[in-house]
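Engineer: Quick one: sequence and predicted model below, then my questions.
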Amino acid sequence: MGNFAALIHPFTILLMPFFRNIAVFGTVIFLLLISSCDRSSTPLPRGYFRIALPEKEYTLFDSVFPYTFHYPTYAHITPDSRASAEPYWADLVFPDFRASLHLSYKPVTGEDELFAYIEDGRNFLNRHIPKASGFQERIFSNEENDVYGILYEIRGREAASPLQFYLTDSTNHFLRGALYFNVTPNNDSLAPVIRFISDDIRVLMETLQWKNR
């Protein structure tokens, strides 16, 4: 045993630099593995944030305006403050979603005027076509309340107004609505909110009534 030990001792001295290199190399590998494990355990950011949606509940809008409707309790109505605003124009504001539904009302005094309002609405809609990937028309009819119109669903990531509509009784009233978000348009991430508010817009359309028919 002693001879064997005596023979291996000089050999071990010669190999010590090699062992030191192995130790250094092993330490580096260990640190890299620890670092990579830490990185892999960090959750990656999601593409879109989860948006909490409130419970559906509605209340009646009834004022000096020539129309009434039901709107959600998590929204509020303010007069339209734009310089171009006319009487009975308003914004249905959704503060939690940084969204507003612009409502513009026009009295109708004749068939030509009604056609002009409808054409203006189509021209306004066409402004969004270049950034839209498509759109769908949903015809609306409520004979009991004498309310008729169309809901436009505008698809496209950068479409500024994803939902628009108009309602009329064909003789005295015309109401147009357009939904906008006070954020950079990204309708992919806003899709759950757009679907959520579209239900509210349908309720508005279904419950709308003219005060003088």
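Structural biologist: Received it, and whenever you're ready, just let me know what you need.
Engineer: in what helix or strand does the closest residue to residue 93 other than its chain neighbours lie?
Structural biologist: Ranked by C-beta to C-beta, 6 or more residues apart in numbering and with sequence neighbours excluded, the top spatial neighbour of residue 93 is residue 100, at 5.1 Å. To be clear about C-beta, it is placed using only N, CA and C from the backbone, and glycine gets the same treatment. For residue 100, the enclosing helix or strand under DSSP states H and E is strand 99-107.
Engineer: I'd like to know which elements that strand is packed against.
Structural biologist: Contacts defined by 3 or more C-beta pairs under 8 Å, 6 or more residues apart in numbering; DSSP states H and E place strand 99-107 against strand 90-94, strand 173-181, helix 191-207.
Engineer: Nearest to residue 153, out of the ones you listed?
Structural biologist: The closest approach between residue 153 and any of the helices and strands packed on strand 99-107, judged by C-beta to C-beta, belongs to helix 191-207 at 7.2 Å.
Engineer: on that earlier part again, what's the strand holding residue 100 in contact with?
Structural biologist: 65-67, 80, 85-94, 113, 117, 163, 172-182, 193, 197, 201, 204 (C-beta atoms under 8 Å, 6 or more residues apart in numbering).
Engineer: hmm, back to that, can you say which of the helices and strands packed on strand 99-107 is packed in most?
Structural biologist: Mean neighbour counts were taken over those using mean count of other C-beta atoms under 10 Å, and the top value, a mean of 22, falls to strand 173-181.
Engineer: Spatially nearest residue to the most centrally placed residue in the chain (excluding sequence neighbours)?
Structural biologist: The chain has residue 190 as the residue nearest its centroid, 2.2 Å off, counting by C-alpha atoms, centre = their mean. Leaving aside its chain neighbours, residue 190 sits nearest to residue 181 (6.3 Å; criterion: C-beta to C-beta, 6+ apart).
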